[in-house]
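# starting from these lines, generate the structure:
(2 chains)
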Amino acid sequence: MSDEPSVVIVLDGDSRHYGPGETLSGEYWIESVDSSQVASIEASVLWRTEGKGDEDMAVHEFWRRRAEEGQLLEPRRPERFSTVLPRSPLSYDGQIIKLRWCFRVRAFLHRGKDVVGEREFRLGAVSPSHVHG
Amino acid sequence: MNLARAFRYYGKKRGHRRTGSPKLGSVGEAIFFAALLLLGCAGLVWLFSTFVVPEWRVNHEFIEAPCKVLKTEIVESMGKDGMLFAPRLTLEYNIDGKTSMRSESRYDVHGGYFDNRDSARAVLNDFRLYTRSRDNRYPCWYDPSDPQLVVLTRGYGWWVWVGFTVPVSFVIIGAGGLIYALLRWGKSVERRAAIARRASARRLFHTGDNGDYPFVPQGADMTNSPGTKLKFRLPMAGAAGWALFGMLTFCVAWNGAVTVLIVVVIRGFLAGHADWPLTLFVIPFLAIGIAAIVCFLRRLLTAAGIGPTRLEISDHPLQPGDLYRLFLTQTGRLRIKLLRVSLVCEEAATYRQGTNARSETREVYRQELFRQEDVDIVDQPFETEIELTVPRRAMHSFAAEHNEINWTLVVDGEPAGWQHYRRAFPVVISPAAGGQP
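Model prediction:
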C-alpha cells in the first residue's frame, strides 16, 4: 500500500450508467492523509470534453468543505453525496469529440499539493458515432 | 484515478491535451494586468498634472489684467517630428492694479506650439503692438504666485480629454483583468466553473442553450417561419448570396490590381521597350484572375438557374426515435440527374495551435432519406414529401465554447450541365425525453 494520499469514490449500487434525471449518489474519502494536512476538500459532478478541440467543461453540482479554525476536516471519514443528474449533455463517444461525465474529488493539502480522484460514469445511452453510407 | 499535483512550472502538449502550470499562469496574468493598471494610472497622473491642473489654475486662480503688447515674435525649436513654432509676446501689465510688470507671454499655458509657422503667425495677427495713440490693450491672466507667468487665452482644450481615452482604457482593462485574476486566484477549475454556472443562472436574459436541456442549442431560428404545407419552414445555412458577394469582391479587387499591371505592360510594348520580366510576372496573376471570374460566373449561373430549395418540417426540435415529415420544394427550369436528401451529423472542434485558432469538422453520421434520379423541372416546381425517423440512440445537438455536434438536413443535387450543388438546413435534435440508460 502506497503512502501517497489517494481518493476513494464509491457510487451507490456500483452503477456506471445513469439516465437523465436519475439520482447519482455515493460516498468518498481520502486515504493516507491526516486531518491536520487537509485545508479543504471539493467534490463536483461535472462533464468535460476530450478530443481534437480545446477542452470544454461544466460543473453540474459542487460542494466545498474547508477546515475552520479549531475544527479540522476528517478526510478519512466517508462523506456522502447525492444529486439529480441533468437531462443533458449526454455521454458521447464521437470521432473528434468525446463527452465524459465524472464525480471528482479534489483535496487541498496545507503543503501546497492537491490530491485529485475521479470516477467516471455514463449519462444516457447515446450510440457511439459512425458514418452510414 | 488519483493524481497528486505539486506546483508545475512548465506546459506540455500531450496528444490533444495541453498541460501547464495554472498557478504560474495566474501569477503571470496578475502581473500583466497590474502592469497595465500602473501604466494607466501613471498616464492619468501625467495628463492631469501636465494639462488639466494648469488649465484649471488659469481658469480659476489666475488674475485677469489689461496688458500692452510690446513685441511679438515666433520662436522655433526642434521637436521629435520636426520644427515647432511658438508665438511669443512681450507684455506689460499691472499686478494688483499697482506694480507694473513686463514679461514674455507664452500665449496659452501649454506653450502654444504649432507644427507650422502660419498657425503661429495667425495667433500673433490677433494682437497689434501697443501705441500711445491707439492705447490698445488686451486681457491677460497672470499667476498670483508667479506673476511672470502670464497667458493671453484660457479655457479647456478638448484634445486633452481625447488623450484621456488611452490611459483610461489601460486602467479599465488592467483593473478588470486584475480583479478577474484575483477572483480566480487559488480556486480550482471546478470551483471556477461552479461560480460561472451560478453567475450564468442569475443572468436576466439567459440566452444560448435551452433551459430544459443544458448545452443543447435553442434553435429559435428554425421555428420562426411557418411552412405552407408543414409546420415550419427551415432556414438554409450559409446563404449563397453572401458567398457570391465575397467572390465578386475578390474578382473585382484582384482583377483591378492585375489590370493596372497589364496596362503598364501594354504601354511598354506600344512604346517599343517591352518589359519581359514584368510580363512573365503578370501572367500567373492574370491566370488566377480569369479562373476567379470563371468560378464566379459558374456559381452565379448555378444560383440563378437552379432556383431556391425549400424544406419544411412537421415539428421541431426533433426527438430521437420519432417520425417526422419533410416537404421538399425545388424550383428552376432544369433537369437534375440525381437529387438526394440526407440527415447528417457533424462534429466541429476548435483548438489553439500556437497563436492560431483552428477548427476541424468531421461528418460522423449520414442517413439518406430521399433519392431520385432524372428529376425534370419544367413548368412547376418539383415537390415531394419525405419521411424522417431520427435514430433512437442518436446524440443530441450540442454546443459548447470549443466543441459542437450539429445536425443538418442536406439537399444534394447533380443538375445536367451544371455544377453539383448542396443546400444545408440545420436542425436541433433534443435528448430523448425521459431517456433511460
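# contacts, neighbours, all on C-alpha from now
Noted.
# average model confidence for stretch A:124-133?
Throughout stretch A:124-133, pLDDT has a mean value of 70.
# again, but for stretch A:43-53
pLDDT averaged over stretch A:43-53 gives 95.
# what do you get for stretch B:376-388?
Average pLDDT, stretch B:376-388: 91.
# is that stretch in proximity to chain A?
No - Stretch B:376-388 lies apart from chain A when judged by C-alpha under 8 Å from any C-alpha of the partner chain; the minimum separation is 15.2 Å.
# so residue B:246 is in which element?
helix B:240-270 (DSSP states H and E).
# ok, residue B:95 - contacts?
By C-alpha atoms under 8 Å, 6 or more residues apart in numbering or on different chains, the residues touching residue B:95 are B:65, B:101, B:147.
# ok so, going back, now the element after the helix holding residue B:246, going C-ward?
As assigned by DSSP H and E, the chain's next helix or strand after helix B:240-270 is helix B:276-306.
# got the buried residues for that next one?
B:279, B:282, B:285-286, B:289, B:292-293, B:296, B:299-300, B:302-303, B:306 (16 or more other C-alpha atoms under 10 Å in any protein chain shown).
# farthest-apart pair in those residues, please.
Greatest spatial distance in the buried residues of helix B:276-306: B:279 and B:306, 40.0 Å, computed using C-alpha to C-alpha.
# so which residues on the stretch 101-250 of chain B come close to chain A?
Near chain A, when you scan the stretch 101-250 of chain B using C-alpha under 8 Å from any C-alpha, you find B:190-191, B:193-194, B:197, B:212-216.
# sorry, back to before: going by distance to residue B:313, which of the contacts of residue B:95 wins?
Using C-alpha to C-alpha, residue B:65 is the member of those that sits closest to residue B:313, with 84.3 Å.
# thought the closest one was touching residue B:91?
No - Residue B:65 is beyond contact range of residue B:91, at 11.0 Å (criterion: C-alpha atoms under 8 Å).
# more neighbours, those two?
Between residue B:65 and residue B:91, counted using other C-alpha atoms under 10 Å in any protein chain shown, the more crowded position is residue B:91 (26 against 18).
# now name the helix or strand holding residue B:37.
helix B:22-47.
# quick one: is that helix near chain A?
No - counting by C-alpha under 8 Å from any C-alpha, chain A has no neighbours in helix B:22-47; the shortest distance is 11.0 Å.
# in that helix, what counts as buried?
Result for helix B:22-47 [16+ other C-alpha under 10 Å]: buried residues B:22, B:26, B:29-31, B:33-41, B:43-44, B:47.
# and what of stretch B:117-137?
Neighbour counts over stretch B:117-137 (16+ other C-alpha under 10 Å) mark B:117, B:120-121, B:124, B:127-130, B:137 as buried.
# try stretch B:394-408
By 16+ other C-alpha under 10 Å, the buried positions in stretch B:394-408 come out as B:394-400, B:402-408.
# I'd like the distance between residue B:82 and residue B:116.
Distance, residue B:82 to residue B:116, by C-alpha to C-alpha, to the nearest Å: 10 Å.
# is the spatially closest residue to residue B:117 that is not a sequence neighbour in a bridge, and if so with what?
Nearest residue to residue B:117, sequence neighbours excluded (C-alpha to C-alpha, 6 or more residues apart in numbering or on different chains): residue B:85, at 5.7 Å. Taking DSSP bridges as the rule, residue B:85 bridges to residue B:76, residue B:114.
# and for residue B:85, the neighbour number?
Residue B:85 has 22 neighbouring residues, counting by other C-alpha under 10 Å.
# surely it is in contact with residue B:116?
Yes - between residue B:85 and residue B:116 there is a contact under C-alpha under 8 Å: 6.2 Å.
# who's more crowded, residue B:82 and residue B:116?
Taking neighbours as other C-alpha under 10 Å, residue B:82 and residue B:116 compare with residue B:116 leading, 14 against 9.
# got the contact list for that one?
Neighbour list for residue B:116: B:83-85 [criterion: C-alpha under 8 Å, 6+ apart].
# can I get these in CSV with pLDDT?
Listed next are the contacts of residue B:116 as CSV, based on pLDDT from 0 to 100:
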residue, pLDDT
B:83, 87
B:84, 89
B:85, 90
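# for residue B:237, see how far away the residue nearest to residue B:247 when sequence neighbours are not counted is.
Among residues not flanking residue B:247 along the chain, residue B:296 sits closest, at 6.1 Å (C-alpha to C-alpha, 6+ apart). Relative to residue B:237, residue B:296 is positioned 20 Å away (C-alpha to C-alpha).
# which helix or strand lies directly C-terminal to the host helix or strand of residue A:30?
Per DSSP H and E: residue A:30 is located in strand A:23-31. With elements assigned by DSSP H and E, the helix or strand that comes after strand A:23-31 is strand A:38-51.
# how many residues are close by residue B:83?
14.
# which ones are touching the nearest residue in space to it that is not next to it in sequence?
In this structure, residue B:83 finds its nearest non-sequential neighbour in residue B:77, 5.8 Å apart by C-alpha to C-alpha, 6+ apart. Contacts for residue B:77 (C-alpha under 8 Å, 6+ apart) come out as B:83-85.
# repeat for residue A:29
A:7-9, A:75-79.
# try residue B:29
For residue B:29, the contacting residues are B:177-178, B:181, by C-alpha under 8 Å, 6+ apart.
# for chain A, see how far away residue B:139 is.
For residue B:139, the distance to chain A (C-alpha to the nearest C-alpha, to the nearest Å) stands at 69 Å.
# name the single longest strand found in chain B.
strand B:356-377 (DSSP state E).
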